[in-house]
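*Asks:* need a 3D model of the following:
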Amino acid sequence: MDPSPVSRRSARIRAVTPYRLLDQYYSHSEYTRRRDDPTIIDFAFGNPHEMPGSAYIAALREVLTPRDKDWFAYKQYLPRAQEAAAAGLRRLLDVPFEPEDVLLTTGGFSAISVAMKSVADPGDEVIYSLPPWFMYEGLAIEAGLVPVKVRIDPETFDLDVDAIAAAITPRTRIVIVNTPNNPTGRIYPPATLKRLASVLDEASGRNGRRIYLISDEPYNRIVFDGTRFHSPVEFYPYTLLAYSYGKTHLAPGQRIGYIALPPSMPGRETMWQAIKDMTFTVGWAFPNAVMQYALPRLEQFSIDIGHLQRKRDLLVAALRDMGYRVQPPEGTFYLWVPSPIPDDLAFTAQLAKQDIFVLPGDMFEVPGFFRISLTANDDMIERSLAGFAAAIERSAVASPAG
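*Replies:* Residues are numbered from 1 along each chain as shown. So this is what the prediction gives:
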């Protein structure tokens with residue numbers, strides 16, 4: 001008799017390295033004990049450290065008062081919300097999205113899960129690049145899929161298209177691309193996305209089975225230096241675009257997002273119905289009514305990107321002056337920093353002694369780095385500089401050259 005009270009799938013998810021380390025960090029660590037301490041410098045997660053903006057509060061307050069008896073009844077896709085989301089995509093991308101191309105979900109998390117289950121069957125393979133978002137492997141296992149991991153280019157942080165091509169087998173059904181990338185901040189350029197589209201098209205023909213691309217884009221409006229964002233959906237019609245408003249407004253606890261299907265997708269009507277059916281059956285993953293009512297207003301603004309860029313520039317310049325080898329991210333609100341010593345866990349522990357909390361690269365399956373979240377407030381950033389300097393000086397003394 002099997003004595004375990006839980007399923008083997010649950011045990012496998014629990015054993016996934018990013019999820020296990022994330023859960024330990026968030027629930028059973030020094031950070032857990034001190035995260036509400038106002039004296040710490042919290043660079044760990046993409047959470048707000050300032051009060052929500054007045055525009056966001058007003059957008060929600062406006063729709064809280066019921067206007068009819070069905071105001072809080074079951075809602076699937078509200079046409080006004082779909083219209084607003086499609087208009088936002090048309091402003092961002094060179095793709096003529098229409099309202100019916102946007103299928104609303106409870107955030108990007110649900111969008112990725114629903115997309116996986118809509119196109120792939122248990123036993124199919126899903127390819128994604130390291131460093132990844134924490135939950136790709138767990139979501140794949142929950143869907144009965146087989147995760148296949150490849151590395152990015154360690155110098156440019158670009159996708160390694162050749163590595164993706166080499167990883168494709170007859171069982172490959174999904175490739176996930178995260179752009180702008182969390183944690184590197186890289187925005188993949190058109191040349192890379194075109195090469196990837198060509199690889200996926202050729203492999204689909206060779207295998208006699210279409211490979212779908214899931215483009216995870218919750219940061220596609222958080223870009224710096226006037227950079228023009230390009231989505232894989234512009235180059236590969238078999239792309240499901242997953243988006244979340246939680247990043248755009250730095251309100252991750254208010255859950256609304258969507259899956260967008262390009263109008264050029266072959267078999268789009270069948271895919272649309274599959275996604276709707278899956279959104280229904282995985283646990284009513286449609287967004288709450290209030291968030292759908294607010295969406296037209298939410299499309300009109302975002303967090304202060306200029307302020308975010310100034311925080312990026314200040315930290316990048318200061319860390320470089322101290323001796324850290326850090327590249328400025330093109331998007332997202334993270335810095336992906338090489339650790340001054342090979343053991344990133346030891347170095348992040350050293351930072352914690354300076355009251356600075358960051359996430360180690362081990363949590364992203366790429367040891368030797370750490371991630372800083374720029375959602376920390378200005379005071380935290382200013383107070384962090386002395387601690388970052390002390391930590392790298394101490395690491396140089398502990399590991400002298402030669």
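
*Asks:* residues contacting the nearest residue to residue 216 once chain neighbours are set aside?
*Replies:* Among residues not flanking residue 216 along the chain, residue 178 sits closest, at 4.3 Å (Cβ to Cβ, 6 or more residues apart in numbering). (Each C-beta comes from the backbone N, C-alpha and C, glycine too.) Each residue near residue 178 by Cβ atoms under 8 Å, 6 or more residues apart in numbering is listed here: 128, 129, 132, 133, 215, 216, 217.

*Asks:* go again using 10 Å as the cut-off
*Replies:* 112, 128-129, 131-133, 136, 159, 184, 186, 188, 214-219, 242, 332 (Cβ atoms under 10 Å, 6 or more residues apart in numbering).

*Asks:* for residue 235, same thing?
*Replies:* 190, 192, 193, 194, 195, 196, 197, 198, 200, 213.

*Asks:* would you mind measuring from the first one to residue 32?
*Replies:* Applying Cβ to Cβ, to the nearest Å, the value for residue 190 to residue 32 is 43 Å.

*Asks:* need the three-state assignment for the residue nearest to residue 338 when sequence neighbours are not counted.
*Replies:* Excluding its sequence neighbours, the residue lying closest to residue 338 (Cβ to Cβ, 6+ apart) is residue 325, at 4.9 Å. With DSSP: H, G, I helix; E, B strand; the rest coil as the basis, residue 325 sits in coil.

*Asks:* kindly report the same for residue 219.
*Replies:* coil.

*Asks:* how about it, what does it touch?
*Replies:* So residue 219 contacts 46, 108, 178-182, 185, 187, 229, 243-244, 247-248, 329-334 (Cβ under 10 Å, 6+ apart).

*Asks:* inside helices: which ones of these?
*Replies:* Among the contacts of residue 219, the members found in helices (DSSP state H) are 108, 247, 248.

*Asks:* I'd say the first one and residue 260 touch.
*Replies:* No: no contact is recorded between residue 108 and residue 260 when judged using Cβ atoms under 10 Å, the distance being 11.6 Å.

*Asks:* so what sits against both of these two?
*Replies:* In contact with both residue 108 and residue 260: 217, 242, 243, using Cβ under 10 Å, 6+ apart.

*Asks:* now the closest residue to the first one other than its chain neighbours: how far from residue 294?
*Replies:* I take that to be residue 217. Nearest non-adjacent residue to residue 217, counting by Cβ to Cβ, 6+ apart: residue 243, 5.4 Å away. From residue 243 across to residue 294, the span is 16 Å (Cβ to Cβ).

*Asks:* what about the two, which has more around it?
*Replies:* For residue 243 and residue 294, the more surrounded residue by other Cβ atoms under 10 Å is residue 243, and the numbers stand at 29 against 25.
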